[in-house]
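Novice: after the sequence you'll find the predicted model.
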Amino acid sequence: MSRELLAYPRRDAERTGEDVRLRNWARNATLGAPGSVSAPTSELELRSLLAAGTGRVRMIGSRMSPGRLLGLSEEGGALLDLSHLSGELSSTADTATFAGATPLADVYAALSARGRMLPSSPGVIASQTLAGALSTGTHGQGLGQSSIADAATHIRMVLADGSVAEFGRDHPWFAAVQLGLGSLGVITQVTLTTRPSPVYTCRKNAVHSDSLGDDLPRWNREHVLAKAWWFPQEEQVQVWTASEASEEEVRHYRDGGGELWEHTTTSNAMNETVEQTLRQMRDDTKIVDEHGKPFRTVTRFRDFTDVTGDIYQVFCRGIATPQINVEIGVPLDRAGEVVEAIKRWHAETRPRMHYPVILRCTGPSNAWLSPSHERDTCYFGFVVYYSDDGSLSEEGESFLRSVERVVAAQGGRPHWGKYFDESLYDWPTLYPRWEDFRRVRDALDPHRRFANTFTAALFD
């Protein structure tokens, strides 16, 4: 595969009067030609649209993924904006059914309002659609759960010919439909299992990274939820470990109206480390606005404090900002080897990093194409920010390419909704049910209406 195909795309400025749906959210890819977006207002209208056509179709969701996953093939087709097919449809004592295009933020709000949560930890942002989150393997942290797709118990899908198919957990193809990269059909309804939402207290600490390889599995096995950010140059880690709050902490939280409670004790143990990372970002990107989103994502590590709240208040607190984000999941029992490999690589290359290495672990997933399929997984995340002119520095590109090779060599599987170099991965070897997924795709979309250049290269 050529370097041109692997290049991280430049980000373009917004143009007056442009249909924003024709660009992905980061504005580094064009998804289709003007006039290619269709926005059905009901499932029936969607079915009629598909039944009447024969061309290629792709769903754009909230457009958070790289353009190669969302966009049409060169021969054109229709982009589906399904934002009208949104909202909660029904609920029971322990389930909730939402339309596929419902933003995760709306899902979480509806559940929190009645003291419920999904049996999966959220990602850091909640602007993705529910169907998009399932289809790309969006996940949080905690060995007792896996991706959001694993919270699904029933999925309704409109197929390429306009017919409807229903998949429950007992269906032999359910594990393919859970995470299908938008290549099987249009997800219009998802039923999710829910459970009571406890109040958590999240303890935050700054620790040395000398024993990180041993600490990572331990943190995750000793706590319900754990997440860490590793600053290799300064050999420091900020680690969050969350467990159910004590009765006194719950009472304090309730007395505050159910708002996130930031404890009064703060720590400045990582302030100099944060300043060093900000200097590296500033030198590399030449960003002028030091109060902008990229800088704010890093300054939040300063003066940190413990917090108490529900799972969404504690963990779903990201700042959505255009970036190149590479995230690779490796077997948890090899996390220590990956940590040591990154340490050796960092000592040799001394890269200017814009953000710490993000460390999140999950339990095994049922979905055939999940990076966590059938194994406890530790995800290593790497971020590079754009310069003000929309470019990426040569240093930033080099950093991402070289560190991905290090992690991929350890049996890593990349997050589908982020950036990765396809040439590093032998998909059928990494995914034991790869051929089974291809057979389901052959059955559900035999004429490849939901294919584009990217998915065709993967499966055909």
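Specialist: Perfect, thanks for sending it.

Novice: quick one: contacts for residue 333?
Specialist: Residues near residue 333 by CB atoms under 8 Å, 6 or more residues apart in numbering: 217, 376. No exception for glycine: its C-beta is placed from N, CA and C like everyone else's.

Novice: let's see that with 10 Å instead.
Specialist: Shown in contact with residue 333 (CB atoms under 10 Å, 6 or more residues apart in numbering): 217, 375, 376, 378.

Novice: ok, so of the residues you listed, who is nearest residue 302?
Specialist: residue 378 (26.0 Å; CB to CB).

Novice: looking at strand pairing, list the partners for that closest one.
Specialist: Beta-bridge pairing of residue 378 under DSSP bridges involves residue 330, residue 361.

Novice: so of the contacts of residue 333, which ones are in strands?
Specialist: Using DSSP state E, the members of those that fall in strands are residue 378.

Novice: so which bits of stretch 313-321 are buried?
Specialist: By neighbour count on 16 or more other CB atoms under 10 Å, the buried set for stretch 313-321 is 313, 314, 315, 316, 320, 321.

Novice: could you export those as CSV, including distance to residue 299, pLDDT and secondary structure?
Specialist: Formatted as CSV, those follow (distance: CB to CB, whole Å; pLDDT from 0 to 100; DSSP: H, G, I helix; E, B strand; the rest coil):
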residue, distance to residue 299, pLDDT, secondary structure
313, 20, 97, helix
314, 19, 97, helix
315, 19, 96, helix
316, 19, 95, coil
320, 16, 90, coil
321, 13, 92, coil
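
Novice: show me the shaky parts of this protein.
Specialist: 1-7 (pLDDT under 70).

Novice: and the nearest residue to residue 337 once chain neighbours are set aside, what is it in contact with?
Specialist: Closest residue in space to residue 337, ignoring its immediate chain neighbours: residue 410 at 6.0 Å, by CB to CB, 6 or more residues apart in numbering. Neighbour list for residue 410: 328, 330, 331, 334, 335, 337, 338, 341, 342, 380 [criterion: CB under 10 Å, 6+ apart].

Novice: now do 7 Å
Specialist: 330, 334, 337, 338, 341 (CB atoms under 7 Å, 6 or more residues apart in numbering).

Novice: could I get those residues as TSV with neighbour count, distance to residue 268 and secondary structure?
Specialist: Listed next are these as TSV, based on neighbours: other CB atoms under 10 Å; distance: CB to CB, whole Å; DSSP: H, G, I helix; E, B strand; the rest coil:
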residue	neighbour count	distance to residue 268	secondary structure
330	23	33	strand
334	17	34	helix
337	14	33	helix
338	23	30	helix
341	16	31	helix
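
Novice: contacts only, for the residue positioned nearest the centre of the chain.
Specialist: The centroid of the chain falls nearest to residue 138 when counting by CA atoms, centre = their mean (4.0 Å). Counting by CB under 7 Å, 6+ apart, residue 138 touches 123, 128, 147, 148, 417.

Novice: swap in 10 Å and give it another go.
Specialist: The contact partners of residue 138, by CB under 10 Å, 6+ apart, come to 64, 104, 120, 122-123, 125-126, 128, 130, 132, 147-149, 179, 415-417.

Novice: can you give me phi and psi for residue 96?
Specialist: phi -150, psi 140 (degrees, to the nearest 10).

Novice: what's near enough to touch it?
Specialist: Contact analysis of residue 96 by CB under 10 Å, 6+ apart lists 88-90, 107, 110-111, 114, 116, 118, 151, 190-194.

Novice: ok so, going back, just the contacts of residue 138: which are in helices?
Specialist: Among the contacts of residue 138, DSSP state H puts 104, 130, 132 in helices.

Novice: residues touching the first one, list them.
Specialist: So that's residue 104. 62, 98, 118, 122-123, 125-130, 132-133, 138, 148, 312, 316.

Novice: out of those, which sit inside strands?
Specialist: Counting by DSSP E, these place residue 98 in strands.

Novice: coming back round to it: how about the ones in helices among the contacts of residue 138 in TSV, adding distance to residue 161?
Specialist: Shown next, in TSV, are the ones in helices among the contacts of residue 138 (distance: CB to CB, whole Å):
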residue	distance to residue 161
104	30
130	24
132	23
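
Novice: which member of those residues is positioned nearest residue 235?
Specialist: Nearest member of the ones in helices among the contacts of residue 138 to residue 235, counting by CB to CB, is residue 104, at 34.8 Å.

Novice: now that closest one: closest residue in space that isn't a chain neighbour?
Specialist: Spatial nearest neighbour of residue 104, chain neighbours left out: residue 126 (4.0 Å); criterion: CB to CB, 6+ apart.

Novice: isn't that neighbour up against residue 311?
Specialist: No. Residue 126 is beyond contact range of residue 311, at 11.7 Å (criterion: CB atoms under 10 Å).

Novice: between these two, what contacts are shared?
Specialist: residue 108.

Novice: more neighbours: these two, which one.
Specialist: Using other CB atoms under 10 Å, the more surrounded residue of residue 126 and residue 311 is residue 311, with 25 against 21.

Novice: tell me who's in contact with that one.
Specialist: 108, 111-112, 117-118, 120-122, 140, 142, 197-200, 202, 224-225, 242.

Novice: that one and residue 8, how far apart?
Specialist: Per CB to CB, to the nearest Å, residue 311 is found 32 Å from residue 8.

Novice: ditto for residue 16
Specialist: Distance from residue 16 to residue 8, counting by CB to CB: 26 Å.

Novice: more neighbours: which of those two?
Specialist: Using other CB under 10 Å, the more surrounded residue of residue 16 and residue 8 is residue 8, with 19 against 4.

Novice: can you get me a residue count around the residue nearest to that one when sequence neighbours are not counted?
Specialist: The shortest distance from residue 8 to any non-neighbouring residue, by CB to CB, 6+ apart, is to residue 324 (4.9 Å). By other CB under 10 Å, 23 other residues sit near residue 324.

Novice: the host helix or strand of residue 324 packs against which elements?
Specialist: Element membership for residue 324, per DSSP states H and E: strand 323-331. Applying 3 or more CB pairs under 10 Å, 6 or more residues apart in numbering; DSSP states H and E, we find strand 323-331 packed against helix 293-299, helix 335-349, strand 357-362, strand 377-385, helix 394-408, strand 413-414.
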